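**Student:** Provided below are the primary sequence and the corresponding predicted coordinates.
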Amino acid sequence: MPASIPMMRGEQPIEPVRYLIFAGSLRRDSYNSRLASLAAVAIRANGGETDLASLADFDVPSYDQDVEDQEGFPPGAEEFRRRLEGCHAFVVAAPEYNNSIPGGLKNAIDWVSRFRPQPFNERHGLLMSASPSMVGGNRGLWALRVPFEHLGARLYPDMFSLAQAHLYFGGDGQLAHEEIRSRFEANISNFMALVEASERYPCVKRAWVEYLGERPEPSLDRVD
Ligand SMILES: Cc1cc2nc3c(=O)[nH]c(=O)nc-3n(C[C@H](O)[C@H](O)[C@H](O)COP(=O)(O)O)c2cc1C
């Protein structure tokens, strides 16, 4: 649905679905930041609203529970929460470090996981990665699923990983291969279809409950 044609419910225009998009890299020429920018363009082309952020916006010190207890949350964590709560869903383009999650990204997630209500809970998410390697950072995304799913995020099953990113980004910043570009765009529009269905048709909504076999203990609970 083009952004210029608002969907209507009776006489009322329907509020567009909003997406927070950011890369898990601080590097100036980050491939993952390029992927995040392309995701924002694709989401807008499909009628979504976007908030394109940078991991630098969510800059936080190493998590320390003493600091949290004595000083509260750092501004970067407050900002991450504020922008998550301003959106219905999020998209992360994350590099793979040593087959896993980049420490800076995990640290930001850890800080935000301490807010109540916990803002990842029940929020839809799409994961992407780009790497010069042949695997495209995909192993890092499987690692990234673990904390997000633990926190109750509704992660889309398909993930996009761009292998050999140094070859497949054209000089114009676009994906320089028709088949890869159409896979990327399909991944985004399929994700958006699910998010929009769940936002607009609450009957689609289901509680995603994981039974951990633990006795209830508020101090250990991952969500309210
Ligand atoms: C500490 C570190 C560990 C890395 N480990 C991996 C890895 O396990 N797999 C991989 O594909 N690339 C790895 N890389 C290479 C990154 O994919 C590459 O630096 C990439 O450009 C980072 O993403 P960015 O361009 O968005 O910053 C690693 C890079 C660093 C700095």
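**Tutor:** Structure received.
**Student:** and Leu20, its phi and psi?
**Tutor:** Dihedral pair for Leu20: phi -90, psi 130, per degrees, to the nearest 10.
**Student:** let me see the contact set for it.
**Tutor:** Neighbour list for Leu20: Asp51, Ala53, Arg83, Leu84, Gly86, Cys87, Ala89, Phe90, Val91 [criterion: CB atoms under 8 Å, 6 or more residues apart in numbering]. C-beta coordinates here come from the backbone N, C-alpha and C atoms, glycine included.
**Student:** and it, what's its pLDDT?
**Tutor:** pLDDT recorded at Leu20 is 98.
**Student:** could you report the distance from it to the ligand?
**Tutor:** Counting by CB to the nearest ligand atom, to the nearest Å, the gap from Leu20 to the ligand is 18 Å.
**Student:** and for Ala165?
**Tutor:** Ala165 is 7 Å from the ligand, by CB to the nearest ligand atom.
**Student:** how about the contacts made by that residue?
**Tutor:** Taking CB under 8 Å, 6+ apart as the test, what Ala165 contacts is Tyr31, Ala130, Ser131, Pro132, Gly136.
**Student:** near the ligand, which residues of this protein show up?
**Tutor:** 25, 27, 30-32, 95-99, 131-133, 135, 137 (CB under 6 Å from any ligand atom).
**Student:** wait, Asp57 sits on Ala77?
**Tutor:** No: counting by CB atoms under 8 Å, Asp57 stays clear of Ala77, with 11.0 Å between them.
**Student:** which one's more surrounded, the two?
**Tutor:** The residue with more neighbours, out of Asp57 and Ala77, is Ala77; 25 against 14, by other CB atoms under 10 Å.
**Student:** residues contacting the lengthiest helix in the chain, please?
**Tutor:** Across the chain, the helix with the greatest residue count (assigned by DSSP state H) is helix 178-200. Residues from elsewhere that reach helix 178-200, judged by CB under 8 Å, 6+ apart: 14, 17, 19, 38-39, 42-43, 46, 48, 88-89, 91, 124, 126, 128, 154, 156, 158-160, 162, 168, 174-175, 204-205.
**Student:** identify the residues contacting the residue most central in space within the chain.
**Tutor:** Compute the mean C-alpha point of the chain, and by CA atoms, centre = their mean the closest residue is Val91, 2.9 Å away. Each residue near Val91 by CB under 8 Å, 6+ apart is listed here: 19-22, 36, 39, 43, 125-128, 188, 191.
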